[in-house]
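K.L.:
This is a predicted model, with the sequence first.
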Amino acid sequence: MKVFATRVIPEEGLKLLQRAGVIVTQWTELRDLTPEELIAHCKDHDALLYAGGRKIDRAFMEHCRHLKVISLLSVGYDNVDVKAATELGLPVTNTPGVLSSATADIAFLLMLAVSRKAFYHHKRIINDEWGFSTPTANLGIEIEGKTLGIWGLGNIGYVMAKRCRDAFGMKIIYCNRERNEAAEKELQAVQVSFEGLLQQSDVLSVHTSLTAETKEKFNKEAFDKMKPTAIFINAARGGIHNETDLIAALQQGRIWGAGLDVTNPEPMQPGNPLLDMPTVAVLPHIGSATVETRNAMSRIAAQNIIAAFEGKPLPNPVNHIYSL
Ligand SMILES: NC(=O)C1=CN([C@@H]2O[C@H](COP(=O)(O)OP(=O)(O)OC[C@H]3O[C@@H](n4cnc5c(N)ncnc54)[C@H](OP(=O)(O)O)[C@@H]3O)[C@@H](O)[C@H]2O)C=CC1
Ligand SMILES: O=CC(=O)O
């Protein structure tokens, strides 16, 4: 059996596949495959290990219906048309759970960095702008005891909430479509409406998946309802916020700060006004980028492929979202 990988894969997953007798071809060029190139490579392989690149759409799948699985090296599956895959009988899998801590760490890091303007001060020193210190200069705001609002209290949102409660005694409110009873019991989290989340959060951290329902949900209307002292964190998907509206809200002081691991669009271009704002911190989508987590993700992606080749139940299918 042969797998085509759209990126170079972390070693542990690669070894797992090779030990199972799977031949792995890795795309080593530092650019995305064109749709034509991807189809051409997949024609000659039995599974696709998708670790980044252009959207996997219906047109691709119609050419590659022979694939036994499209195994994603990510938990998010917004880059695949899962509806089309399901209709065409193509299994799609992801890597949930193992990246929750690493990604929550990035959301936590961004929250602190924004609250104390850390990235901005770092840049001042690089630019020889240490300046003259006074008791009223360089002030941030404190996190201790404040209210953390989580939009999407699932695997990652839970870890973020736990970190914030343990470290800073933050009060946790959340907005999900369903109740998260474990979080209510363990973290005394309180479910609120989306409006309530906007109005009550001192820090509002986004951890939903990107869907038609969540797309650009953080727009002018939403930012207008937030506190002028609020910090907005997005370590989920850039498409969940409208970046023009975010820039305007920050410029006009309608919210206080923003920490982004994901931008809309990606990559963020140099010269983006957000990069010059003292209360903004931006990272290049590195939520799960640790040695430990990427190896764990690669092992899960490999296990999904091996199960598909052996005709066993897939450990982490995502197609079922369309039959719910
Ligand atoms: N920055 C990075 O590098 C990374 C980003 N991510 C992103 O984080 C996302 C979340 O991952 P993970 O925590 O593992 O996923 P989970 O599925 O565990 O959590 C997602 C949560 O979002 C909630 N949700 C979904 N839709 C809505 C909605 N319309 N309104 C309110 N809540 C909603 C779900 O609850 P309910 O169904 O009850 O509404 C669920 O609790 C991924 O989809 C991915 O896009 C993931 C890893 C790394
Ligand atoms: O963005 C990363 C993911 O796993 O989803």
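P.N.:
Received it, and whenever you're ready, just let me know what you need. Numbers count the residues shown, from 1 in each chain. Ligands and ions are numbered 1, 2, ... in the order given.
K.L.:
Pass me the low-pLDDT residue ranges in this protein, would you?
P.N.:
322-324 (pLDDT under 70).
K.L.:
So residue 249: helix, strand or coil?
P.N.:
Under DSSP: H, G, I helix; E, B strand; the rest coil, the three-state class of residue 249 is helix.
K.L.:
got a list of what the closest residue to it other than its chain neighbours touches?
P.N.:
Spatial nearest neighbour of residue 249, chain neighbours left out: residue 223 (3.7 Å); criterion: CB to CB, 6 or more residues apart in numbering. All C-beta spots, glycine's among them, are computed from the backbone N, C-alpha and C. Taking CB atoms under 8 Å, 6 or more residues apart in numbering, we find residue 223 in contact with 232, 245, 246, 248, 249, 254, 255.
K.L.:
which SSE is the second one in?
P.N.:
Right, the one you point to is residue 245. helix 243-251 (DSSP states H and E).
K.L.:
tell me which strands and helices that helix is in contact with?
P.N.:
helix 220-225, strand 257-260 (3 or more CB pairs under 8 Å, 6 or more residues apart in numbering; DSSP states H and E).
K.L.:
Ligand 1 is nearest to which of those?
P.N.:
strand 257-260 (9.4 Å; CB to the nearest ligand atom).
K.L.:
now for that closest one, which elements pack on it?
P.N.:
helix 100-115, strand 231-234, helix 243-251, strand 280-282.
K.L.:
ok so, going back, among the helices and strands packed on helix 243-251, single out whichever gets nearest to residue 29.
P.N.:
Closest to residue 29 of the helices and strands packed on helix 243-251, according to CB to CB: strand 257-260, at 27.8 Å.
K.L.:
Note down every partner strand of the closest one and its orientation.
P.N.:
strand 231-234 (parallel), strand 280-282 (parallel) (DSSP bridges).
K.L.:
ok, longest helix in the chain?
P.N.:
Among the segments of the chain that qualify as a helix by DSSP state H, the longest is helix 291-310.
K.L.:
Now that helix: buried residues?
P.N.:
For helix 291-310, the neighbour count (16 or more other CB atoms under 10 Å) marks 293-309 as buried.
K.L.:
Next: stretch 267-278.
P.N.:
Here stretch 267-278 shows 268, 274, 277 as buried, counting by 16+ other CB under 10 Å.
K.L.:
Now do the same for the first one: helix, strand or coil?
P.N.:
Residue 268 falls in the coil class when you classify it by three-state DSSP.
K.L.:
So it sits against residue 274, correct?
P.N.:
Yes. Between residue 268 and residue 274 there is a contact under CB atoms under 8 Å: 7.4 Å.
K.L.:
Overlap in contacts, those two.
P.N.:
With CB under 8 Å, 6+ apart, residue 268 and residue 274 have common neighbours residue 282.
K.L.:
What strand or helix carries residue 142?
P.N.:
For residue 142, there is no enclosing helix or strand under DSSP H and E.
K.L.:
possible to save the helices and strands packed on helix 243-251 as TSV with distance to residue 132?
P.N.:
Output for those, formatted as TSV (distance: least, CB to CB, whole Å):
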stretch	distance to residue 132
helix 220-225	34
strand 257-260	24
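K.L.:
picking that back up, among the buried residues of stretch 267-278, which are in reach of ligand 2?
P.N.:
When CB under 6 Å from any ligand atom is taken as the criterion, no member of the buried residues of stretch 267-278 contacts ligand 2.
K.L.:
tell me which of these is nearest to ligand 2?
P.N.:
Using CB to the nearest ligand atom, the buried residues of stretch 267-278 come closest to ligand 2 at residue 268, 15.4 Å.
K.L.:
Next up, the contacts around the closest one.
P.N.:
By CB under 8 Å, 6+ apart, the neighbours of residue 268 are 274, 275, 282, 284.
K.L.:
How about the residues of the stretch 1-150 of the chain by ligand 1?
P.N.:
Contact residues (CB under 6 Å from any ligand atom) of the stretch 1-150 of the chain with ligand 1: 75, 76, 96, 99, 100, 103.
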